[in-house]
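Asker: what's the 3D shape of this:
(2 chains)
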2 protein chains.
Amino acid sequence: MLMEEKPRQKLESLGKLLVGDINSGKNPKFITAARTKSNIVYDSKSGFLGLGRAKEERSFINVAQSKRFMQTVAIAAKCHRFLAENLHTTIRGLFYQLKYSLGEDIDESIFSEQSESNPLIEDIEVALDMKREDLNLNATRRGVLAGNIKVIDRFGGERTEIDCSKQGRSGWSIPSDVDNDIEFVDMTAKYVLIVEKDALWQRLNEDGFWKKENAILITPQGQATRGTRRLIRKFADMHIPIYVFTDSDAWGWYIYWTIKTGSINLAYIGKEIATPEARFIGVTISDLDKYEFLKKLTIKATEVDLKRAQEMLGYEWIRQHKEWVTELERMIKSKIKLEQDALQGPRLTFVDEYIREKIKNKEFLP
Amino acid sequence: MLMEEKPRQKLESLGKLLVGDINSGKNPKFITAARTKSNIVYDSKSGFLGLGRAKEERSFINVAQSKRFMQTVAIAAKCHRFLAENLHTTIRGLFYQLKYSLGEDIDESIFSEQSESNPLIEDIEVALDMKREDLNLNATRRGVLAGNIKVIDRFGGERTEIDCSKQGRSGWSIPSDVDNDIEFVDMTAKYVLIVEKDALWQRLNEDGFWKKENAILITPQGQATRGTRRLIRKFADMHIPIYVFTDSDAWGWYIYWTIKTGSINLAYIGKEIATPEARFIGVTISDLDKYEFLKKLTIKATEVDLKRAQEMLGYEWIRQHKEWVTELERMIKSKIKLEQDALQGPRLTFVDEYIREKIKNKEFLP
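Answerer: The predicted structure is shown next:
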């Protein structure tokens, strides 16, 4: 039933539940899914990291929990107010509000560090089955998009239509919240291409790659934020292919697998932000067999790269794919890595051909 | 004379100069301003860090210089080609091109690390009095803008008009190059407000602060990039006030002084990117006297903050302002700092009032 309520109603239902407990002389409490390491599971069927079935109870009359319980209620009350006011802030802004005052008549300071409020925000997200973005809490934003799609942004009650095919050299900045008061319309693209580095995104944007290919061109500008991951998930829900193009090194792989299977830290919203349908387009160490010139342009793998490659061989979601095992073992043996920038070696526009060829021949890693 | 030439012509003039030297049996050479520490000077009249009068000669027939001379010519040739092709890349992309091949018939590899090409790009920028952006080399971009101004972006030969007052929650992404094939028109804003943190920019954007105030609202998203600094300089050239709003800590001050006086690393293009007209709007430690509630919301200064404050007292461009000396000494004594986020304590929209009040009362630091 909670599932169909809006964020504000959900917070009110939680409040009523607690007041009900108090009025009937019961110990007020609420239930949340455990976010402990042992309850983070990779579900091979769905293909992402999520939470298991373990639950945790938070109750007020409990010496170990009463302060945290009070703090959680204070956070819920602040977020309820942000929603009522229709104003957004960040978890840092929320922390300063909590530090300033708990509410109307309470002059008690129960927060001294932001590390106290952060996990309790997650508690509320999990207990009420919604994301912090639904509570008007913005997360860090990063990432840019260009392509044949329009954004209807009803932010602040004003309707703005942004045509992502008319953003010149800049592209459209992907916000923190891509779910509330925002719509994506007139999408005609045939696939989504995610490019690790902004430099390569700019290269492809300049070539009009997304126009010629009718693709959506995204760069997360490094590791993908919550907002960018959520947006990729939404595109996958439209049933168009998602291709990821990164460096062939520890950081590039990490970016890919975070988009695809999610991450331990955000396993509690795994379903909302993971895109198991994503495919890896390159660059790969195997590219050296096909593109002779790349042999001149490899660089030495660092200890971190090699250690990380070894670790990845241990993850069940990676080692189940023989293509990845081959790739990783090859890099460990040869001790070299390859950057996506290297594809500009022979000519600046070669990167366009590389991607087109890979897509045409369906040369992806799973 | 070189001053009025376009980048491509400047490169061609350099080439002709070298060929002329060779044909007349002279040692080919060119002159560049020295970028050594001793030639980086703060000019108190103009108010920014620039290069002094010391020159350096780069010549081919010189055992210590001939490899670097060849490398420089190779870089100039590559950039000439990028300009002819009308395509952009980064200094990383350029490095891979140099590593791949030096040119048509030369199968010689004279670059092994990017650290070899980077300083030579600066040599060319200084010798030919232009920026790398003019050579189709993009630098890292970061920073977002909203306000009553339009961008005419002629990137890739296609004209796109972007209305920066109609970008919803996202804003317009500030590119690397704000000089070539780009124009800023219909600017009606009365001042430019630069906000260190994206979180606060989003807060102010949501409140329609820039609409109510008719301001240009920029966040550099931390330290300002070359592109953002250049854009701020361009706004200052339109003779509108530039206000900077950062945290009161080492990083915030660094952001401010980099915008205002420039930086050692980029002293060679100081005139193009420094904005001595900029004023500091806060937050300041002195705000504690006026806004009682902030006393609850200070945080402990780190060793880095204190050390940096001490260093700043030694810079002539800072210690000449008694207001800054007072501010810095006060923070060193009290060992506290203050974040701009703290202004959200009493209510989310308080930050709007704070800025409006400061501007109304002209409460700036120089």
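Asker: going forward, measure contacts and count neighbours with C-alpha atoms only.
Answerer: Noted.
Asker: hmm, A:V151 and A:M187 touching each other?
Answerer: No: taking contacts as Cα atoms under 8 Å, A:M187 lies outside contact range of A:V151: 9.5 Å.
Asker: which one's more surrounded, these two?
Answerer: A:V151 (20 against 15; other Cα atoms under 10 Å in any protein chain shown).
Asker: so which strand or helix has that one?
Answerer: strand A:150-153 (DSSP states H and E).
Asker: quick check, pLDDT for the nearest residue to A:E12 once chain neighbours are set aside.
Answerer: Spatial nearest neighbour of A:E12, chain neighbours left out: A:H80 (8.0 Å); criterion: Cα to Cα, 6 or more residues apart in numbering or on different chains. Per-residue pLDDT puts A:H80 at 97.
Asker: what about A:H80, helix or strand, and which?
Answerer: Assigned by DSSP H and E, A:H80 falls within helix A:66-85.
Asker: that helix: which residues count as buried?
Answerer: Within helix A:66-85, the residues scored as buried using 16 or more other Cα atoms under 10 Å in any protein chain shown are A:67-69, A:71-80, A:82-83.
Asker: tell me the one of these nearest chain B?
Answerer: A:F82 (8.5 Å; Cα to the nearest Cα).
Asker: for A:A139, see how far away the closest one is.
Answerer: 15 Å (Cα to Cα, to the nearest Å).
Asker: I'd say the residue nearest to A:E12 and A:L11 touch.
Answerer: Yes: under the criterion of Cα under 8 Å, A:H80 makes contact with A:L11 at 6.6 Å.
Asker: show the contacting residues for A:M331.
Answerer: Counting by Cα atoms under 8 Å, 6 or more residues apart in numbering or on different chains, A:M331 touches A:I285, A:L306, A:A309, A:K337.
Asker: which of the three states applies to the last one?
Answerer: Taken by DSSP: H, G, I helix; E, B strand; the rest coil, the conformation at A:K337 corresponds to strand.
Asker: the second one too?
Answerer: Here A:L306 is recorded as helix under three-state DSSP.
Asker: next one: it, what pLDDT does it get?
Answerer: Reported pLDDT for A:L306: 97.
Asker: the one 10 residues further on too?
Answerer: A:E316 is assigned a predicted lDDT (pLDDT) of 93.
Asker: how close does it sit to B:G15?
Answerer: A:E316 is 58 Å from B:G15, by Cα to Cα.
Asker: the strands in the stretch 251-366 of chain A, which residues?
Answerer: Here the stretch 251-366 of chain A has its strands, by DSSP state E, counting those that start in this stretch, at A:279-282, A:299-300, A:336-337.
Asker: could you check the angle helix A:66-85 makes with the strand or helix carrying A:Q9?
Answerer: Here A:Q9, judged by DSSP H and E, is contained in helix A:7-23. Helix A:7-23 runs at 140 degrees relative to helix A:66-85, counting by axes from the mean of the first three to the mean of the last three Cα atoms, to 10 degrees.
Asker: next SSE downstream of helix A:7-23?
Answerer: Moving toward the C-terminus from helix A:7-23, the next helix or strand (DSSP H and E) is strand A:29-33.
Asker: flag the shaky bits of the stretch 101-250 of chain A, pLDDT-wise.
Answerer: A:103-107 (pLDDT under 70).
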